[in-house]
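S.K.: Okay, here's the prediction I keep looking at, along with the sequence it came from:
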Amino acid sequence: MFLNLTRGRPEMGWRKQALVLVALLLAAAGAWAHGHASPRAQLASGVAFAPDGRLWLAGLNAQGQLFVQTAPANEPSRWGAPRVIATGGDTVSADGENRPKLAFGPQGWVVISYTQPLAKPYTGMIRMLRSTDGGQTFSAPFTVHADRQEITHRFESVAFDARGVLHTVWIDKRDMERAPKVGKKPSYTGAAIYRNESRDGGATFGPDLKLADHSCECCRIALATGQDGGMRAMWRHVFEPNVRDHGFAALTTPANPSPTPVVRATFDDWRIDACPHHGPGLALAADGGFHAVWFGIRKQGGEDGAAVRYARLQADGSPRLDTVRALPDEGAEHADVLASADRVAVVWRSVDGAQSTLKAWLSTDSGQSFRLVTLASVKGDNDQPRLAQQGQRMVAVWRNSKEVQVHEIRF
């Protein structure tokens with residue numbers, strides 16, 4: 001079963017486990033929208049800084065067309081006119097955790113990825129457009145993975161590592177589809193995390209490689225570059241017997257395809273057999289470990305506590321349990337995190353039923369202490385906030401039905 005409380009509009013936040021249980025009843029009614037275009041505006045967008053300092057956004061317009069929009073380096077709130085990018089008739093998913101993504105690499109390489117929903121519910125293909133001239137022109141869209149079955153290939157994340165290798169990581173159900181069934185249900189729990197690599201900016205790709213069996217079905221995957229320049233991934237995993245906490249792994253390479261052991265990064269003990277559509281965030285820490293944010297449920301003072309949490313992870317992804325703490329906002333959801341040296345920024349959306357508020361938690365001592373800042377508030381439909389970084393500079397980008405707000409993170 002799939003679960004999604006907010007879906008980009010102001011509704012009640014993650015306060016009590018009762019809300020989670022109520023949402024399970026609502027999930028069946030909303031599930032179709034997770035695999036198909038929603039009748040309301042799809043505001044979920046990807047943001048990134050280009051090497052020349054311009055801020056880019058990729059999303060869908062009111063007509064459902066993929067577009068890109070840029071803002072000058074010195075005026076990040078002054079967006080230029082949107083430019084529609086041809087997708088050959090593809091439907092593009094842009095709802096909550098499933099959205100277009102942007103990544104900039106060396107040699108003028110730019111890629112835009114998205115999930116193309118297919119006719120069968122919860123199925124899709126990971127599609128990509130590539131540019132070799134810094135985004136002036138883009139190729140026709142192409143499918144990234146070798147497997148072409150009409151099954152789940154969704155919720156992709158893309159990033160270039162320090163060597164200029166492009167990594168694509170996604171949720172995939174090929175193993176569940178071929179697993180024997182127990183009655184009418186497959187014996188395989190959840191989905192799997194698959195990935196591949198491109199060493200020429202998306203012109204060609206290596207084989208589909210399985211990173212992990214038994215992932216949650218529909219939470220975003222967080223990617224971050226490690227201190228060694230290699231890529232790390234964090235996702236909602238299904239641990240035995242059915243605990244949906246988070247896994248962490250270093251990405252293998254085609255030359256060394258042996259699966260990297262999955263390290264358990266969170267211990268919230270999520271035992272509800274449903275996906276909350278609420279993935280984690282990950283950022284490299286100055287000491288070689290990582291800063292992480294996620295949503296979970298765990299026992300607190302004898303009661304179940306649903307909250308977005310922050311913690312420090314070791315370099316191998318194992319948690320420093322003494323650093324785990326809830327964000328100072330019971331309505332917090334869909335947090336993102338970035339770091340530069342000792343400065344750490346966590347941003348999230350907080351909803352109260354009528355209004356959405358963008359908040360930030362800022363640290364100048366590597367996450368030992370934080371101060372809370374309110375950045376903006378809006379009414380009506382809005383996207384999850386996204387953080388973008390260029391060097392030490394960070395901005396929070398927040399799209400609503402009327403505008404795209406850009407907020408400089410000031411420590």
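M.R.: Ah, there it is.

S.K.: Poorly predicted segments of the chain, please.
M.R.: Residues of the chain meeting the criterion pLDDT under 70: 1-40, 253-257, 259, 299-304.

S.K.: for it, what spans make up the helices?
M.R.: Applying DSSP state H to the chain gives helices spanning 17-35, 174-178.

S.K.: What's the separation between Q65 and P117?
M.R.: 15 Å (CB to CB, to the nearest Å). Every C-beta, even on glycine, is put in place using the N, C-alpha and C of the backbone.

S.K.: Settle it for me: which of the two has more neighbours?
M.R.: Between Q65 and P117, counting by other CB atoms under 10 Å, P117 is the more crowded of the two (22 against 14).

S.K.: So what touches stretch 387-407?
M.R.: 41, 43, 45, 47-49, 53, 55, 57, 59, 69, 71, 76-77, 79, 336-338, 340-341, 343, 345, 347, 349, 356, 358, 360, 375-376, 378, 380-383, 385-386, 408-409 (CB atoms under 8 Å, 6 or more residues apart in numbering).

S.K.: same thing but 6 Å
M.R.: 41, 43, 45, 47-49, 76-77, 336, 338, 340, 345, 347, 358, 375-376, 378, 380-383, 385-386, 408-409 (CB atoms under 6 Å, 6 or more residues apart in numbering).

S.K.: Narrow the residues you listed to those in strands?
M.R.: 47-49, 336, 338, 340, 345, 347, 358, 375-376, 378, 386, 408 (DSSP state E).

S.K.: how far is stretch 187-196 from where the chain is centred?
M.R.: Distance of stretch 187-196 from the chain centroid (CA atoms, centre = their mean, to the nearest Å) equals 17 Å.

S.K.: Could you give me the buried positions within that stretch?
M.R.: Y188, T189, G190, A191, A192, I193, Y194, R195, N196 (16 or more other CB atoms under 10 Å).

S.K.: quick one, what contacts the fifth one?
M.R.: Contacts for A192 were tallied using CB under 6 Å, 6+ apart; they are D172, D175, K210, D213, S215.

S.K.: nearest to Y310, of the buried residues of stretch 187-196?
M.R.: I193 (23.0 Å; CB to CB).

S.K.: Contact partners for that closest one?
M.R.: Counted by CB under 6 Å, 6+ apart, I193 has contacts L211, A212, S215, W235.

S.K.: do the same with F248
M.R.: With contact set as CB under 6 Å, 6+ apart, F248 has these partners: M234, V263, A265, G317.

S.K.: May I see the residues you listed arranged in JSON lines, with distance to V144 as well?
M.R.: Output for the contacts of F248, formatted as JSON lines (distance: CB to CB, whole Å):
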{"residue": "M234", "distance to V144": "20"}
{"residue": "V263", "distance to V144": "26"}
{"residue": "A265", "distance to V144": "26"}
{"residue": "G317", "distance to V144": "25"}
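
S.K.: can you put those residues in a markdown table and add neighbour count?
M.R.: Converted to a markdown table, these look like this (neighbours: other CB atoms under 10 Å):
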| residue | neighbour count |
| --- | --- |
| M234 | 27 |
| V263 | 19 |
| A265 | 26 |
| G317 | 25 |
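
S.K.: if we can go back for a sec, now, the buried residues of stretch 187-196 that are in strands?
M.R.: A191, A192, I193, Y194, R195, N196.

S.K.: Now tabulate these in JSON lines and tack on distance to V395.
M.R.: Shown next, in JSON lines, are those (distance: CB to CB, whole Å):
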{"residue": "A191", "distance to V395": "33"}
{"residue": "A192", "distance to V395": "34"}
{"residue": "I193", "distance to V395": "29"}
{"residue": "Y194", "distance to V395": "31"}
{"residue": "R195", "distance to V395": "28"}
{"residue": "N196", "distance to V395": "30"}
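
S.K.: ok, those vs L321, which is closest?
M.R.: I193 (24.4 Å).

S.K.: State the distance from the closest one to V169.
M.R.: Relative to V169, I193 is positioned 6 Å away (CB to CB).

S.K.: If we ignore the residues flanking it in sequence, what's nearest K120?
M.R.: E150 (5.4 Å; CB to CB, 6 or more residues apart in numbering).

S.K.: For that neighbour, give its distance to F205.
M.R.: 20 Å.

S.K.: go on, Q405?
M.R.: 35 Å.

S.K.: Leaving out chain neighbours, which residue sits closest to G53?
M.R.: G53 sits nearest to A73 (CB to CB, 6+ apart), 3.0 Å away.

S.K.: ok, that neighbour - how many residues close by?
M.R.: With other CB under 10 Å as criterion, A73 counts 14.

S.K.: Run a quick check on it versus L55, I expect a contact.
M.R.: No: using CB atoms under 6 Å, A73 is not in contact with L55; the gap is 7.5 Å.

S.K.: Next up, the contacts around the residue lying closest to A341 once chain neighbours are set aside.
M.R.: With CB to CB, 6+ apart as the criterion, A341 has its nearest non-adjacent residue at 5.3 Å, and that residue is A286. Contacts for A286 (CB under 6 Å, 6+ apart) come out as A341, D342, S366.

S.K.: what's the distance between the second one and L362?
M.R.: Relative to L362, D342 is positioned 11 Å away (criterion: CB to CB).

S.K.: the more surrounded of these two?
M.R.: In this view D342 and L362 are compared by other CB under 10 Å, and L362 has more residues nearby, 18 against 15.

S.K.: The more buried one and A376: what is the separation?
M.R.: In terms of CB to CB, L362 sits 15 Å off from A376.

S.K.: Likewise for T91?
M.R.: Distance of T91 to A376, computed by CB to CB: 31 Å.

S.K.: Ok, A103 next?
M.R.: Distance from A103 to A376, by CB to CB: 26 Å.
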